[in-house]
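1. No sequence on hand, only this structure:
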């Protein structure tokens, strides 16, 4: 009786034992595409039972190439060799500035699924097969040019002052330019440069780069902002700015130009307008030290006496505002250009006010933001414009980011101290009657 039971049990389990849950399919959505045009990369996972968790992908790093995740996975079912299997379909978009045959090497995918609807969840680690596609360089593309391949690109600008508004030496005029497009990543939009006349100081802000996916469509937006300060009286011509892109539908380069303007500056030079400056006082610095010491004591007491010590540590180390700077620091110290650029984008999302047009106007903040913007421009060229990312030195970028963070922290402390100082007394003294 025992042998019969074992035989029946083995027969019932036979389909499961023959089934390998480590089944995966990877394919390219296109055999060829233009440089800068999104190429779909589709990864499909198969399982006889439900998937237990989201899949993790160890995506490869390719030179001058960005791989962007497109939306959430799509769960369905498919018949394979007469057996109905559950599927989990993941889609990515590949944007490259390389021409020729682009090979996506094998990479690892980790996920969990059940061998049946009532079975226990199992972890799987599978390897994809290599896939490739052909990347074509548009005719007329200049050497080292970052090619954006989209049918349409929106390019707008705004100025902080009206054209009729009078300017005096030391005044600042801000120019903000925004590019929006679908089917592309904002990380591949090149920085904008302007040839300005002598006597105009520039304070570029760090670019705002935003990538979103809506209903499977990648949407990109990049904002470049620069402040122009006029040092002397006179008439200054701010040049036009042109961007161009490759239209893959019509197979032609298209362009759009934003008009510049003429700035007339008159009047005398003020002694305190040689730069858009405001300085932090020594009192604010002392207050920051006292505040930091007091905060350190309070945090120490909290961690010593808190009953949720482990939870507090997890909260601290999982906080994006703590994780992102650590990743950026590690990438810069390891001279990892691609990881540093991705961490920089995340850092700007966590701290959108840093390096933006909403600046306090201090000399230090303006200088640091300008230096950071130039370094990011060089990093973008190395990654996507034909430069060499292997010779990139990340130490200067991390130094600037650290200084910019400290300057912002000091500004916040100073603003908080000023707001407390301006508050009315909580219990004002009664007015004595005559």
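-> Sure thing, it's come through. Being a predicted model, the structure only gives us computed values, none of them experimental.

2. SS state for residue 71?
-> In three-state terms, and counting by DSSP: H, G, I helix; E, B strand; the rest coil, residue 71 is coil.

3. Next: residue 332.
-> Using three-state DSSP, the structure places residue 332 in helix.

4. ok, and the closest non-adjacent residue to it?
-> Nearest residue to residue 332 in three dimensions, chain neighbours excluded: residue 394, at 3.2 Å (Cβ to Cβ, 6 or more residues apart in numbering). C-betas here are computed from N, CA, C, even on glycine.

5. do the same with residue 336
-> Take residue 336 and drop its neighbours on the chain: the residue closest to it by Cβ to Cβ, 6+ apart is residue 394, 7.2 Å away.

6. for that neighbour, what are its contacts?
-> Residue 394 makes contact with 331-337, 340, according to Cβ atoms under 8 Å, 6 or more residues apart in numbering.

7. repeat that for 7 Å
-> Taking Cβ atoms under 7 Å, 6 or more residues apart in numbering as the definition of contact, the neighbours of residue 394 are 331-333, 335, 340.

8. Centre-most residue in this protein?
-> Central residue of the chain (Cα atoms, centre = their mean): residue 345, 2.4 Å from the mean position.

9. Show residues contacting the helix or strand hosting that residue.
-> Secondary structure assigned from DSSP states H and E places residue 345 in helix 337-350. Contact partners of helix 337-350, identified using Cβ under 7 Å, 6+ apart, comprise 61, 187, 206, 208-209, 320-321, 324-325, 327-328, 331-332, 376, 379, 382-383, 389, 392, 394, 397.

10. same deal with stretch 248-257?
-> Around stretch 248-257, the neighbours that count as contacts under Cβ under 7 Å, 6+ apart are 34, 37, 138, 140, 149, 151, 155, 240-247.

11. for those, which one is nearest residue 106?
-> residue 37 (23.9 Å; Cβ to Cβ).

12. still on that earlier bit, in helices, which of the contacts of stretch 248-257 fall?
-> Among the contacts of stretch 248-257, no member falls in helices (DSSP state H).

13. What about these, which are in strands?
-> Using DSSP state E, the members of the contacts of stretch 248-257 that fall within strands are 34, 155, 241-247.

14. Can you tell me which of these are classed as buried?
-> Among the ones in strands among the contacts of stretch 248-257, the ones that count as buried by 16 or more other Cβ atoms under 10 Å are 34, 155, 241, 243-247.

15. ok, so of the residues you listed, who is nearest residue 370?
-> The shortest distance between residue 370 and any of these, using Cβ to Cβ, involves residue 241 and amounts to 17.8 Å.

16. Distance-wise, check the closest one relative to residue 149.
-> Taking Cβ to Cβ, to the nearest Å as the criterion, residue 241 is separated from residue 149 by 21 Å.

17. so what's residue 208 bridging to?
-> Beta-bridge pairing of residue 208, defined through DSSP bridges, involves residue 223.

18. What is the burial count for it?
-> Burial of residue 208 is recorded as 20 neighbouring residues (other Cβ atoms under 10 Å).

19. Isn't it up against residue 225?
-> No. With contact defined as Cβ atoms under 7 Å, residue 208 and residue 225 do not form a contacting pair (8.0 Å).

20. Quick check on the contacts of helix 337-350: which are buried?
-> Those of those that meet the buried threshold are 187, 206, 208-209, 324-325, 327-328, 331-332, 376, 379, 382-383, 389, 392, 394, 397, by 16+ other Cβ under 10 Å.

21. what about residue 75, helix or strand, and which?
-> Assessed by DSSP H and E, residue 75 sits inside strand 74-80.

22. Report all helices and strands that that strand contacts.
-> The elements that strand 74-80 packs onto, with contact taken as 3 or more Cβ pairs under 7 Å, 6 or more residues apart in numbering; DSSP states H and E, are strand 83-96.

23. The strand it packs on to strand 74-80, inter-axis angle?
-> If you take axes from the mean of the first three to the mean of the last three Cα atoms, to 10 degrees, strand 83-96 sits at 130 degrees to strand 74-80.

24. Sort out which of the contacts of helix 337-350 are in helices and list them.
-> Using DSSP H, the subset of the contacts of helix 337-350 located in helices is 320-321, 324-325, 327-328, 331-332, 376, 379, 382-383, 397.

25. got a markdown table for those residues, with pLDDT and distance to residue 181 too?
-> Rendered in a markdown table, the data for the ones in helices among the contacts of helix 337-350 read as follows (pLDDT from 0 to 100; distance: Cβ to Cβ, whole Å):
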| residue | pLDDT | distance to residue 181 |
| --- | --- | --- |
| 320 | 51 | 27 |
| 321 | 57 | 30 |
| 324 | 74 | 26 |
| 325 | 79 | 30 |
| 327 | 81 | 28 |
| 328 | 83 | 27 |
| 331 | 83 | 27 |
| 332 | 88 | 29 |
| 376 | 80 | 20 |
| 379 | 79 | 21 |
| 382 | 76 | 23 |
| 383 | 76 | 19 |
| 397 | 87 | 27 |
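
26. Which one of the residues you listed is nearest to residue 174?
-> Looking across the ones in helices among the contacts of helix 337-350 and measuring by Cβ to Cβ, the closest to residue 174 is residue 376, at 18.7 Å.

27. Please list all residues in contact with that closest one.
-> Residues near residue 376 by Cβ under 7 Å, 6+ apart: 206-207, 344.

28. Repeat that for residue 159.
-> With contacts taken as Cβ under 7 Å, 6+ apart, residue 159 has the following neighbours: 173, 175.

29. what about it, distance to residue 226?
-> With the distance defined as Cβ to Cβ, residue 159 ends up 11 Å from residue 226.

30. Need the residues touching each of these two.
-> For the pair residue 159 and residue 226, residues contacting each of them under the criterion Cβ under 7 Å, 6+ apart are residue 175.

31. Listing request: residues of the stretch 151-300 of the chain with sub-threshold pLDDT.
-> Low-confidence segments of the stretch 151-300 of the chain (pLDDT under 70): 269-300.
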